[in-house]
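Engineer: got a structure for you, letters missing:
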DNA sequence: TAATCATATAAACATTATTTGATTTGTTTG
DNA sequence: CAAACAAATCAAATAATGTTTATATGATTA
């Protein structure tokens, strides 16, 4: 039961739901999330850890960077994440999305995280 | 988004999940829940209110008593409640269930809430 | 209509979650 | 291998939730 509760608790926070929306656009590293969401790095790491402990996302270290993405190994969690990202409009995170696009453009020009 | 969060928050508590398990056996009034769960009446009322505000249950007043039951008007909430009650075994609330059965027996003998 | 019963609400307190600022760990690169 | 960078962790401050005790409200019944 505690495992189930940890999933619902992870989904009970605006910042974390917005993170899931961002993850839906693909894998992202902590430093990029920090700049996209404009929040302190410890805060971002804290929320990532809550999502990870709940089994909703997974991490992958690549050199200095740790990339996070949606964990699709469990169907119940997948369903929840899918429903959440569907119920929340892109409009809600439009500021983040535009920063994300800028970031990706910059990476193509070799300026960050490469 | 806050509405969605209120649903997940409501599901993020052991007492409330156990309540949903009990509701699955049918409508129940506050006083019966108090004796079945052996918790203070304000505590029960507090948690019932959280579930109600999240749209997961509904209430129906009948005389002095207020009966609560699962609100099946929304399919997403229905799915969540169904999944939750499926993932949590009856074993988890066996003490409550045996009290519930005793209560129902007593009611047939006209001893309570009638 | 006064007494009683069921439930809700409020205030005070306890517990848990989140945020912040500082520090540590792990990795790469000059 | 020292400096620099990315991310995690920790302790302290703050905010949000849950619990308890006391009181209020609403309905029934004697």
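Structural biologist: Yes, it's here. Nothing here was measured: the structure is a model prediction, and the numbers come from that model. Residues are numbered from 1 along each chain as shown, chains lettered A, B, ... in the order given.
Engineer: so which bits of chain A are right by DNA strand C?
Structural biologist: By C-beta under 7 Å from any atom of the strand, the residues of chain A that approach DNA strand C are A:9, A:12-13, A:15, A:39-43, A:46-47, A:50, A:61, A:63-64. Any C-beta I mention is one placed from the backbone N, CA and C, and that applies to glycine too.
Engineer: which SS state does residue A:58 fall under?
Structural biologist: Secondary structure, DSSP: H, G, I helix; E, B strand; the rest coil: residue A:58 is strand.
Engineer: not counting sequence-adjacent ones, nearest residue to it?
Structural biologist: Using C-beta to C-beta, 6 or more residues apart in numbering or on different chains and skipping residues adjacent in sequence, the residue nearest residue A:58 is residue A:71, 4.3 Å away.
Engineer: how close does the one you found sit to residue A:80?
Structural biologist: If you measure residue A:71 against residue A:80 using C-beta to C-beta, to the nearest Å, the figure is 11 Å.
Engineer: between these two, what contacts are shared?
Structural biologist: Common neighbours of residue A:71 and residue A:80, counting by C-beta atoms under 8 Å, 6 or more residues apart in numbering or on different chains, are residue A:56.
Engineer: between these two, who's got more neighbours?
Structural biologist: Legend: neighbour count by other C-beta atoms under 10 Å in any protein chain shown for residue A:71 and residue A:80, higher for residue A:80 (22 against 18).
Engineer: ok, the more buried one to chain B distance?
Structural biologist: 9 Å (C-beta to the nearest C-beta, to the nearest Å).
Engineer: residue A:73 now?
Structural biologist: Applying C-beta to the nearest C-beta, the value for residue A:73 to chain B is 17 Å.
Engineer: my guess is that residue is in a helix, correct?
Structural biologist: No: in this structure, residue A:73 is coil, not part of a helix, as judged by three-state DSSP.
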